[in-house]
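S.K.: how would this look folded up:
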Amino acid sequence: MAFDELLQHVGDSGRFQIWNIVLCILLNIMSRSHMFVENFSAAIPAHRCYVQLLDSPIPETNVTLNMTAEVLLRVSIPMDSNHKPEQCRRFRQTQWQLLDANVSATNMTELETEPCLDGWIYDQSVFKSTIITEWDLVCDFRLMKSLSQAIYMTGLLMSVFTGIVSDSGNVESARWLIATGKTERALKELRKVAWINGKKDIAESLTIEILRSTMKEEEEPVRKHFTAMEIILNPLIRRTVFFFIILSFSTTLILVGLLLNLESLGTNLFLNQVLLGVVDFPVRVLSYFVIRHVNRRPSIMVSLFLSGSPMLVNLFVPREMSMVRLLLGMLAKASISTLFILCIVFQSEISATTLR
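M.R.: Residues are numbered from 1 along each chain as shown. Just a heads-up that it's a prediction; the model follows:
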């Protein structure tokens, strides 16, 4: 009895497999939520310097009582190139002369400014509070957010490396246990699968002799067992592992860079998050046909190209064209999702059982 027949015998699509799929889905939901919650918990709302004249609960003079917030803002904070209040600078002195329509733009650029010495005022129309507003991680301190993301990315990429090495050398499936001669352990696992799938009689009938006959029919040498040192020293295995490390690194870098920078795709973070998630559903269907009808290397090459090129194009698309930027982001996300599936299948196909 070959292993595929043995697997069908104990059940290859029963409760055991369903529970494994459900568990993987739940773990992915929790890990992805933790991974990308920073888009919202660390969102950077619109902000400007705190100005005593405008933001103090007690007006400085009676003159300001009859002035609108827009007027007070104009004399307190300079405007940027988009004619919006500067986010990190304010006038050192109140510039009442700016209320005069005859004041030229040249004169305005010569006015003395200073950093936000008294803190910032944040727009609370979308987010009442984020870690950015709590700790004032804006302007000169904005790099602290990037630093935290860089630290997180380092840990994530290390997990990709260790995960691939682990997957390549120590995944204890029943097939792997049989191929490496661990028949007693394989018997225990197969009995557990049959028991969970409701095939108790089959679980009781499985014996060491059946597994040994399976070992003889396996195409791969059953006595060959790769140790960690053999994996490192074997040139073919080393090249295979190195290839998938580079491929996984590239894919993860594009994906995390895209999903941790949703604000670059448009002003509505919630819509961006939903659309980038919804695009995965048709991609899963498309991936099935790609796997069945397209060679691995061309499909991976095209997926890589379509993952990175939209992000490069987005560098030259103005932020005002938010719909174009979002569509390019969705194309990149769809390509990355396809690439992940192709990589998993390709790695299994080119790796021997004892290596997997």
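
S.K.: you'd agree residue 15 is up against residue 195?
M.R.: No: shown here, residue 15 and residue 195 do not form a contact pair, counting by CB atoms under 8 Å, at 9.9 Å. Every residue, glycine included, has its C-beta placed from N, CA and C.

S.K.: quick one, which of those two is more surrounded?
M.R.: Comparing residue 15 with residue 195 by neighbour count (other CB atoms under 10 Å), the higher total belongs to residue 195, at 17 against 13.

S.K.: Tell me who's in contact with the more buried one.
M.R.: residue 203 (CB atoms under 8 Å, 6 or more residues apart in numbering).

S.K.: Would you map the strands across the stretch 51-200 of the chain?
M.R.: Ranges of strands within the stretch 51-200 of the chain are 89-91, 113-115, 120-122, based on DSSP state E, counting those that start in this stretch.

S.K.: what does the first one contact?
M.R.: It refers to strand 89-91. Outside strand 89-91, the residues within contact range by CB under 8 Å, 6+ apart are 48-49, 51, 75-78, 111-116.

S.K.: lowest confidence element among the helices and strands of the protein?
M.R.: Lowest mean confidence among the helices and strands of the chain (mean pLDDT, DSSP states H and E): helix 105-109, at a mean of 56.

S.K.: okay, the strands of the stretch 51-200 of the chain, which one's buried deepest?
M.R.: When these are scored by mean count of other CB atoms under 10 Å, the highest mean neighbour count falls to strand 89-91 (a mean of 20).

S.K.: Check the offset of the helix or strand encompassing residue 246 from the chain's centre.
M.R.: For residue 246, the host element (DSSP states H and E) is helix 235-259. Here the centre of helix 235-259 is set off from its chain's centre by 14 Å, with CA atoms, centre = their mean, to the nearest Å.

S.K.: With stretch 5-16 instead?
M.R.: Distance, centroid of stretch 5-16 to centroid of chain: 34 Å (CA atoms, centre = their mean).

S.K.: swap in stretch 193-204?
M.R.: 39 Å.

S.K.: go on, stretch 81-91?
M.R.: 33 Å.

S.K.: now do stretch 40-54
M.R.: Worked out by CA atoms, centre = their mean, stretch 40-54 lies 27 Å from the chain centre.

S.K.: now what about it, what contacts it?
M.R.: Contact partners of stretch 40-54, identified using CB under 8 Å, 6+ apart, comprise 60, 64, 69, 72-73, 75-77, 85-90, 94, 115-116, 118-124, 126-127, 130-133, 137-138, 142, 145, 148, 263, 269.

S.K.: Mean confidence (pLDDT) on that stretch, please.
M.R.: Over the span of stretch 40-54, the pLDDT mean works out to 87.

S.K.: That one: which residues count as buried?
M.R.: 42-45, 47-51, 53-54 (16 or more other CB atoms under 10 Å).

S.K.: Which of those residues fall in strands?
M.R.: Here DSSP state E is the test, and those give 47-49 as lying in strands.

S.K.: Among these, pick out the one closest to residue 188, please.
M.R.: Within those, the smallest distance to residue 188 is 60.4 Å, found for residue 47 (CB to CB).

S.K.: show me where pLDDT drops low in the stretch 151-300 of the chain?
M.R.: 156-157, 160-170, 172, 179, 214-232 (pLDDT under 70).

S.K.: count of residues packed around residue 99?
M.R.: When neighbours are defined as other CB under 10 Å, residue 99 has 11 of them.

S.K.: Settle this for me: it is touching residue 72, isn't it.
M.R.: No: the criterion here is CB under 8 Å, and residue 99 misses it with residue 72 at 10.2 Å.

S.K.: State the distance from the residue nearest in space to the middle of the chain to residue 159.
M.R.: For the chain, residue 256 is the residue whose C-alpha lies nearest the centre (CA atoms, centre = their mean; 3.4 Å). Going from residue 256 to residue 159 by CB to CB, to the nearest Å gives 12 Å.

S.K.: How about residue 205?
M.R.: For residue 205, the distance to residue 159 - CB to CB - is 41 Å.

S.K.: any idea which of the contacts of strand 89-91 is the one closest to residue 322?
M.R.: residue 48 (22.3 Å).
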